[in-house]
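> Make a model of this:
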Amino acid sequence: MGRERLQRALRQEVTEQHIRVTLVEPGAVATELAGHNRPEILSALRDSIGDIQRMDADDIADAITYVVTRPRHVALNEVLIRPTEQVR
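Sure thing, here's the model as predicted:
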């Protein structure tokens, strides 16, 4: 099941309990996670993303803070956050 379908199904299941479900999709983020990939995966990532300034964890935390601080009657279904220069 795709991320969007899972998010939509979960939201429909819990909405009557006043639980909000938001899909946060970050782009290139400067974390140690990339270092856990095999060299060929890292190379493919570099080729695909290029040499751009990546976001840091605080950028993502700021987006999540925005999502969870909306009034109770407001639900954000999806947040797509990318570095300005990221094409894909």
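> In this protein, which residue is most central in space?
Compute the mean C-alpha point of the chain, and by Cα atoms, centre = their mean the closest residue is E25, 2.0 Å away.
> Can you spell out which helices and strands pack onto the helix or strand harbouring E13?
E13 belongs to helix 3-14 when elements are defined using DSSP states H and E. In this structure, helix 3-14 packs against strand 23-26, with contacts taken as 3 or more Cβ pairs under 8 Å, 6 or more residues apart in numbering; DSSP states H and E. For glycine as for every other residue, the C-beta is placed from the backbone atoms N, C-alpha and C.
> which residues are in contact with the strand it packs on?
3-4, 7, 55, 60, 63-64, 67, 77-82 (Cβ atoms under 8 Å, 6 or more residues apart in numbering).
> of those residues, buried ones?
Q7, M55, I60, A63, I81 (16 or more other Cβ atoms under 10 Å).
> In the helix or strand bottoming out on mean pLDDT in the chain, which residues are buried?
The least trusted helix or strand in the chain, going by mean pLDDT, DSSP states H and E, turns out to be helix 39-49, with a mean of 78. Using 16+ other Cβ under 10 Å as the burial criterion, the residues of helix 39-49 that qualify are I49.
> go on, stretch 9-17?
Within stretch 9-17, the residues scored as buried using 16+ other Cβ under 10 Å are R11.
> Give me the mean pLDDT for that stretch.
Taken as a whole, stretch 9-17 has an average pLDDT of 89.
> Repeat that for stretch 67-86.
For stretch 67-86, mean pLDDT is 92.
> can you list the residues that contact it?
If you take Cβ under 8 Å, 6+ apart as the criterion, stretch 67-86 is touched by 4, 7-8, 11, 15, 18, 20-28, 49-50, 52-55, 59-60, 63, 66.
> what's in contact with stretch 8-18?
With Cβ under 8 Å, 6+ apart as the test, stretch 8-18 has contacts from M1, R20, V21, R72, A75, N77.
> what do you get if the cut-off is 6 Å, keeping everything else the same?
The contact list for stretch 8-18 (Cβ atoms under 6 Å, 6 or more residues apart in numbering) reads V21.
> residues touching Q7, list them.
Residues near Q7 by Cβ under 6 Å, 6+ apart: V21, L23.
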